[in-house]
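**Student:** no sequence on this one, just coordinates:
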């Protein structure tokens, strides 16, 4: 189901270590050991994070290699970005309103008798 | 901390009911009762979802009104979109590579002696 898939992606992203793993994979495929290096967490903990990322479709894992490597699958983020884009107009509108308000404030003559 | 804030936002989005509530709020502010209507869940359950959304900064709640209303705060999504945008080049590159590959396949002459 589309909504469940989106929930799975967002849940996978809701962890700083998993986001850091994705960031590391932008520089190239990596083994569990390589991915664990910058973090003070165990290999099994990294493996659990990789499982979550794989389940969400955010990485693929090479199962045939002697040293199993993980690869970024950034395409999965497109779906999440597409969902968020539908809200872009709502924050843009809010900013437009603020802009109009500031413009009016600056255009208005200073009321007599007030000190600034 | 920036990463924790991002985790809070993604965790809030990792639920179809909460995303449906945000979608409903794009049409205007709403009370808990109004928000509960389309779902087969209790008012306390909706309240809990609203608390999560408010904590993530995705909605604000009017505490002074007789009937407390919730309002969309789509600006909070900008941060999450900004994070995702840093990965856009990776899925774009992947699509470019696929495109190149397909182009080469179509340009290549069929090897002699092979059947298709």
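**Tutor:** Good, I have the coordinates. Note that the coordinates shown come from a computational prediction; the quantities given were computed from them, not determined experimentally.
**Student:** Chain B contacts on chain A?
**Tutor:** By the criterion of C-beta under 8 Å from any C-beta of the partner chain, the positions of chain A lying close to chain B are A:3-4, A:6-8, A:10-11, A:13-16, A:19, A:22, A:26, A:72, A:74-75, A:77-78, A:80-81, A:83-85, A:87-88, A:90-91, A:94-95. The C-beta positions use only the backbone N, C-alpha and C, and glycine is treated the same way.
**Student:** can you pull out the strands in chain A?
**Tutor:** In chain A, strands defined by DSSP state E lie at A:30-31, A:59-61, A:69-72, listed in chain order.
**Student:** and the longest one, what other elements does it pack with?
**Tutor:** So the one you mean is strand A:69-72. Identification of packing neighbours for strand A:69-72 by 3 or more C-beta pairs under 8 Å, 6 or more residues apart in numbering or on different chains; DSSP states H and E yields helix A:16-25, strand A:30-31, helix A:43-55, strand A:59-61.
**Student:** The first one too?
**Tutor:** For strand A:30-31, the contact count by 3+ C-beta pairs under 8 Å, 6+ apart identifies strand A:69-72 as packing neighbours.
**Student:** How much space separates the residue sitting nearest the centre point of chain A from residue A:40?
**Tutor:** Chain A has residue A:13 as the residue nearest its centroid, 5.9 Å off, counting by C-alpha atoms, centre = their mean. Note on residue A:13: its distance to residue A:40, by C-beta to C-beta, to the nearest Å, is 21 Å.
**Student:** give me the low-pLDDT residue ranges for chain A?
**Tutor:** Using pLDDT under 70 as the threshold, the predicted model of chain A has low-confidence ranges A:1-3, A:65, A:93-99, A:101-102, A:109-116.
**Student:** residues contacting residue A:39?
**Tutor:** A:17, A:20, A:46 (C-beta atoms under 8 Å, 6 or more residues apart in numbering or on different chains).
**Student:** With distance to residue A:55 and neighbour count as added columns, please give the residues you listed in a markdown table.
**Tutor:** A markdown table is the format used below for the contacts of residue A:39 (distance: C-beta to C-beta, whole Å; neighbours: other C-beta atoms under 10 Å in any protein chain shown):
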| residue | distance to residue A:55 | neighbour count |
| --- | --- | --- |
| A:17 | 16 | 16 |
| A:20 | 18 | 15 |
| A:46 | 15 | 22 |
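**Student:** what's the closest of those to chain B?
**Tutor:** For chain B, the closest of those turns out to be residue A:20, at 8.4 Å, with distances computed as C-beta to the nearest C-beta.
**Student:** any idea how far residue A:13 is from that closest one?
**Tutor:** 11 Å.
**Student:** same check, this time on residue A:31
**Tutor:** When C-beta to C-beta is the yardstick, residue A:31 and residue A:13 sit 22 Å from each other.
**Student:** Pull out the buried residues from stretch A:64-82.
**Tutor:** Within stretch A:64-82, the residues that count as buried by 16 or more other C-beta atoms under 10 Å in any protein chain shown are A:69, A:70, A:72, A:73, A:74, A:76, A:77, A:80.
**Student:** farthest pair in the residues you listed?
**Tutor:** The most widely separated members of the buried residues of stretch A:64-82, counting by C-beta to C-beta, are A:69 and A:80 (24.2 Å).
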